[in-house]
Structures are given as structure tokens and as C-alpha cells.
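Asks: Fold the stuff below for me.
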Amino acid sequence: MLSNIFHVNLAHYLILAFLLFLIGAFGAIVSRNVIKLLISLEFMLTAVNINFIAFATFADNIKLTGYVFNIFYIAIGSIEVAIALIIFYLMYREKKSIDMDKYKELKG
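Replies: From the prediction side, this is the model:
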């Protein structure tokens, strides 16, 4: 009886990833804070990772490419966040603000 209640299939993972992606997209569009923008982007990338793992688990049991992509993302994502935080820290030292409107000169 309990196994039927707690059975998690591919649709549950896709719904979770979709909700995380929507939260990240909404935060990226609405936020004016640099740190909130970075966190929103990480939410979106986490949703992509959930999709990789879900499809690797339910569709591709032999090649394991979803797991390999996820490991590469974890390695590259941590470096990406570290570099982004360093850049934002240097921008904060110059402008003394984390508001995105203060950085208009960065537009191309």
C-alpha cells in the first residue's frame, strides 16, 4: 500500500524541475540585486541537472550520459560561482552597491 503512495516516476521529476526553472526565471527577471540574480541562475541550472538525472535514470540505463553531464556541471558550476562572486565583489568595491541599476556601463 505504501509503495503505491510513494512511487515517484519521471513526471514528478519533470514537474519539480519545471517549478524550479520558473522560480529561477522569475527571480532573474524581477531581482535588482546581483546576489539574488546569481542564486536565480543557479536555480535554473539545478532544474536542468534534475532533468539530466531523471532522464538518465528512467530512459538511459546503459550509457549513463546524464550522470556524466551532471558531474561535469558540478565541477564547472562551482568554478563559475566562485568567479562570479569574485567579479561581483570587485564591482561592489567600486560602486558600494549591489543594485543592478548602478552598473549601466557594463552594457555592450
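Asks: Can you list the low-confidence ranges for the chain?
Replies: 1-4, 103, 105-108 (pLDDT under 70).
Asks: what about 90?
Replies: When residues are selected by pLDDT under 90, those of the chain lie in 1-10, 31-39, 41-42, 45, 52-108.
Asks: thought residue 34 was touching residue 95?
Replies: No - counting by Cβ atoms under 8 Å, residue 34 sits too far from residue 95 to count as a contact (10.2 Å). All C-beta atoms are positioned from the backbone trio N, CA, C, and that covers glycine.
Asks: Of those two, which one has the most company?
Replies: Taking other Cβ atoms under 10 Å, residue 34 and residue 95 do not tie; residue 34 has more neighbours (21 against 11).
Asks: Give me the buried positions along the strand or helix carrying residue 53.
Replies: Using DSSP states H and E, residue 53 maps to helix 34-58. Neighbour counts over helix 34-58 (16 or more other Cβ atoms under 10 Å) mark 34, 37-38, 40-54, 56 as buried.
Asks: Can you list the buried residues in the helix or strand following it?
Replies: Following helix 34-58 in sequence order, the next helix or strand is helix 65-95 (DSSP H and E). Buried residues in helix 65-95, counted by 16+ other Cβ under 10 Å: 66, 69-70, 73, 84, 88, 91.
Asks: just stretch 20-29 next, same as before
Replies: 20-21, 24, 27-28.
Asks: hang on, the earlier thing: figure out how far the helix holding residue 53 is from the centre of its chain.
Replies: Here helix 34-58 is found 3 Å from its chain centre; the criterion is Cα atoms, centre = their mean, to the nearest Å.
Asks: The spatially closest residue to residue 36 that is not a sequence neighbour: which element?
Replies: Nearest non-adjacent residue to residue 36, counting by Cβ to Cβ, 6 or more residues apart in numbering: residue 27, 6.1 Å away. Assigned by DSSP H and E, residue 27 belongs to helix 10-30.
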